[in-house]
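In: Please find the sequence and the predicted model below.
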Amino acid sequence: MAEIHDRLTSFAHGGGCACKIPPGELEDAVRGLVGQSGPDVLVGLDDGDDASAVRVRDDLAVLSTADFFTPVIDNAYDWGRIAAANALSDIYAMGGTPVTAINLVGWPREKLPMELLTEVLRGGLDVAAQANCPVAGGHSIDDPEPKYGMAVTGVAHPDELMRNDSAEAGLPLTLTKPIGVGILNNRHKVTGETFDEAIATMTALNAEASRAAVAAGVRAATDVTGFGLLGHLFKMARASGVGAVIDAAAVPRLGGVDESIADGYVSGGTRRNLDWVRPHLTADDGVSEDDLLLLADAQTSGGLLVVGELPDHPIIGEIAAGSGVHVR
């Protein structure tokens, strides 16, 4: 194993979506800002949805999103795959189909070889090819910290958009990927241990789950990324004017996560997520602090959180009347 200081993750202050600006600070920064609006802006700044949506025809909306982050693992090719899958996920979370992407790169050219960047970009291209989404250019800067991601354009029918402000009380909550990648990635950053299941989860596209949700008539969904399951669920419930209940035992988790929490491999981003949601959170007596930390874990390229039922994916709770999130 390479020495810690020689590893790709050693060049980053945080890993993956755990290095996002904390949700409370971000909301304070953008509060009061308004973008261009009008009848054809179907999804804009208001509720912090996964992508913007602008109607260009009665039967066509154009979706736009961007996502990039610092290295989440040491393997450059796999980091590129993860970052691409994560960026594409925002389009899938809206019920759309990605049609083109461009690369976003920050690279410390005097510290890391350009051959390593080639591997990152190759990983991104391979995952975009799986999504039938051509990568047609990009932008790069000389940056003291490596960063990679994509800006993605997609399309959807305006009447089939899945939004984070359309959740209705009484409907079940479905999660399409296990959680815990943030904790395992943090352990990897500290120790160099690798977790193949986590890599497989992060590189998997949300395309099939998105298509199934649209076909089932789902109208509310989001993807679970840097603000954790609790954070993204709270944002969706708040935007929809409802509450939510999570059955902690029903939430799928990756192998090795419980031991890693017990060993202290919880990122600062995860703790900030929990601090942000806690004023709006209640829990049964049997729910431990470790359970809440897992539910707040900052995910990278996580699954879709769908308001509705999808075959072959676990129901983890339901949307309820009221406000806030309850964990049982």
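Out: The structure has been received and is ready for your questions.

In: Show the residue spans covered by the strands in the chain.
Out: 41-43, 52-57, 60-69, 97-107, 135-142, 147-156, 172-175, 221-223, 243-246, 281-283, 304-307, 315-320, 325-327 (DSSP state E).

In: With respect to residue 298, which of these lies nearest?
Out: Of all those, strand 60-69 sits nearest to residue 298, with 10.4 Å by CB to CB. (Each C-beta comes from the backbone N, C-alpha and C, glycine too.)

In: Who does the closest one pair with, and is each partner parallel or antiparallel?
Out: strand 52-57 (antiparallel), strand 147-156 (antiparallel) (DSSP bridges).

In: Need the winner for burial among those strands.
Out: strand 147-156 (a mean of 23; mean count of other CB atoms under 10 Å).

In: That strand versus strand 97-107: what angle between them?
Out: Counting by axes from the mean of the first three to the mean of the last three CA atoms, to 10 degrees, strand 147-156 points 160 degrees away from the direction of strand 97-107.

In: tell me, what residue is most central in the protein?
Out: The centroid of the chain falls nearest to residue 225 when counting by CA atoms, centre = their mean (2.3 Å).

In: hey, which of the strands of the chain is tucked in deepest?
Out: strand 221-223 (a mean of 29).

In: Summarise which helices and strands that strand is packed against.
Out: helix 76-93, helix 228-240, strand 304-307 (3 or more CB pairs under 8 Å, 6 or more residues apart in numbering; DSSP states H and E).

In: can we see that at 7 Å?
Out: helix 76-93, strand 304-307 (3 or more CB pairs under 7 Å, 6 or more residues apart in numbering; DSSP states H and E).

In: how much space between residue 223 and residue 165?
Out: Remark: distance between residue 223 and residue 165 (CB to CB, to the nearest Å) = 15 Å.

In: what residue of the protein is the furthest out?
Out: The chain, farthest from centre, CA atoms, centre = their mean: residue 110 at 30.7 Å.

In: pLDDT score assigned to that residue?
Out: pLDDT, residue 110: 92.

In: what's the answer for residue 6, then?
Out: 68.

In: And residue 195, by the same measure?
Out: For residue 195, pLDDT reads 96.

In: contacting residues for the closest residue to it other than its chain neighbours?
Out: Among residues not flanking residue 195 along the chain, residue 184 sits closest, at 4.5 Å (CB to CB, 6 or more residues apart in numbering). Residue 184 makes contact with 195, 198, 254, 256, 257, 260, according to CB atoms under 7 Å, 6 or more residues apart in numbering.
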